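A.B. asks: Structure, please.
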Amino acid sequence: MRRLLSATWILTGWAALLFHPGSAQAQDLAKRIILKDGSYQSVNKYEVKGDRVRYLSAERGEWEELPKSLVDWPATEKYEKDRASGAPTPEAIELDKEFEADKQAEETRSPHILPGLQLPEEGGVLLLDTYESRPELVPIDQRSGGVNKNTKNNVLRAAINPIASAHQTVEVPGKHAPVQSHVSVPALYINVDRSEEGESETPPVELKPEGKSGTNKDEPMSPTERFRIVRLEPKGDKRIVGDIKIAVYGKISQDAKFVRSTAQPMTGGWVKLTPTESLPAGEYAVVEMLGKEGMNLYVWDFGVNPNAPANSVAFKADPSASESRTTPVELQKRKKDN
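C.D. replies: This next block holds a predicted model:
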């Protein structure tokens, strides 16, 4: 008998939970009485009696009352019509707004350059290449020798030692850069924060490209003037960035083979640097201009060779991304080819 009574009590308890007006299912189906202060009461039903509104609370399962004057009746009626027609709830609309705001904020920090291919939030220098008919982003890493240990943006500092010589050259080790572009007009995406790199330990170099004087020293460099492309000259197992001339009184100047290019500012601190003409096969580098200080020899080297093998590290676009897709897609890292 005791076992039968226990079973009966359990069934009765489950029935009470299932049919209790305060259950989760009842709240999902509840109506709303929206108040003028923007809050609302979830109700199963309500009725107006004089200057009072009597309602059955969907949360507490009890009859309660409130003054009729506190109710925003147009908003209450609109909510009921929208609910009946299947329109999204205010909470769903608010979540959509928050999602869209987060998406826009991420797009600002890490802009998409192609469908399914976006720049990393942490910055750096990347080259947009096309290999086997598929676009990819290739990071240009720091080179060995003369590396600024305090930088986190993968830059190479070429040290200049102003010894008692009238002529020196700035050299990059190796015959070829590790990164090779398979297209003749590669786009370079640059986001390097100098404040994180520390101050230069080398004297600035005054730039004199093509026999012309450099930028006015009194004028600050704009983001689009900060970076330029230089063609490197091969010499044995090294590549020459430029020639340095040291005057007797200590002034340093440099001649380098600059490539005509355009610079376009982007969101998130990025700058897009693109040659205006096709680059012949060879070795190149991106250098940083320091305005009135001249040029600081931070070098990101790359080559142009349509027949080069695949780059060891590249980020490919998501093949499922369409042109209309705006949701940020995480870059896919390609495995090294055997």
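A.B. asks: Paired strands for the host helix or strand of residue 135, with orientation please.
C.D. replies: Taking DSSP states H and E as the criterion, residue 135 maps to strand 134-139. Strand 134-139 pairs in its sheet with strand 124-131 (antiparallel), strand 315-316 (antiparallel), by DSSP bridges.
A.B. asks: Least confident of these, on average?
C.D. replies: Lowest mean pLDDT within those: strand 315-316, a mean of 90.
A.B. asks: those helices in the stretch 101-250 of the chain, which residues are they?
C.D. replies: With DSSP state H, counting those that start in this stretch as the definition, the stretch 101-250 of the chain shows no helices.
A.B. asks: low pLDDT regions in it?
C.D. replies: Along the stretch 101-250 of the chain, segments meeting pLDDT under 70 span 101-109, 142-168, 194-221, 223, 243-250.
A.B. asks: now the strands: where do they sit in it?
C.D. replies: Taking DSSP state E, counting those that start in this stretch to define them, one finds strands in the stretch 101-250 of the chain at 112-114, 117-118, 124-131, 134-139, 156-157, 167-173, 180-181, 187-191, 206-207, 227-231, 233-235, 238-246.
A.B. asks: For residue 188, which residues are in contact?
C.D. replies: Neighbour list for residue 188: 125-128, 227, 229, 272-274, 286, 302 [criterion: C-beta atoms under 8 Å, 6 or more residues apart in numbering]. Where C-beta positions appear, they are placed from N, C-alpha and C, glycine not excepted.
A.B. asks: Go ahead and confirm residue 33 touches residue 45.
C.D. replies: No. Counting by C-beta atoms under 8 Å, residue 33 does not reach residue 45; the two are 10.5 Å apart.
A.B. asks: who has more neighbours, these two?
C.D. replies: Comparing residue 33 with residue 45 by other C-beta atoms under 10 Å, the one with more neighbours is residue 33, at 23 against 12.
A.B. asks: phi, psi of the closest residue to the more buried one other than its chain neighbours?
C.D. replies: Using C-beta to C-beta, 6 or more residues apart in numbering and skipping the chain neighbours, the partner closest in space to residue 33 is residue 41 (4.6 Å). Note on residue 41: backbone dihedrals following degrees, to the nearest 10 are phi -120, psi 130.
A.B. asks: Out of the strands paired with strand 134-139, which is closest to residue 66?
C.D. replies: strand 315-316 (58.4 Å; C-beta to C-beta).
A.B. asks: Deepest-packed of the strands of the stretch 101-250 of the chain, please.
C.D. replies: Mean neighbour count (mean count of other C-beta atoms under 10 Å) peaks for strand 180-181 among the strands of the stretch 101-250 of the chain, with a mean of 24.
A.B. asks: helices or strands up against that strand?
C.D. replies: The contact analysis (3 or more C-beta pairs under 8 Å, 6 or more residues apart in numbering; DSSP states H and E) places strand 180-181 against strand 295-304.
A.B. asks: re the thing from before, adding distance to residue 111 as columns, could you present the contacts of residue 188 in JSON lines?
C.D. replies: Output for the contacts of residue 188, formatted as JSON lines (distance: C-beta to C-beta, whole Å):
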{"residue": "125", "distance to residue 111": "15"}
{"residue": "126", "distance to residue 111": "12"}
{"residue": "127", "distance to residue 111": "16"}
{"residue": "128", "distance to residue 111": "13"}
{"residue": "227", "distance to residue 111": "17"}
{"residue": "229", "distance to residue 111": "21"}
{"residue": "272", "distance to residue 111": "10"}
{"residue": "273", "distance to residue 111": "15"}
{"residue": "274", "distance to residue 111": "15"}
{"residue": "286", "distance to residue 111": "19"}
{"residue": "302", "distance to residue 111": "21"}
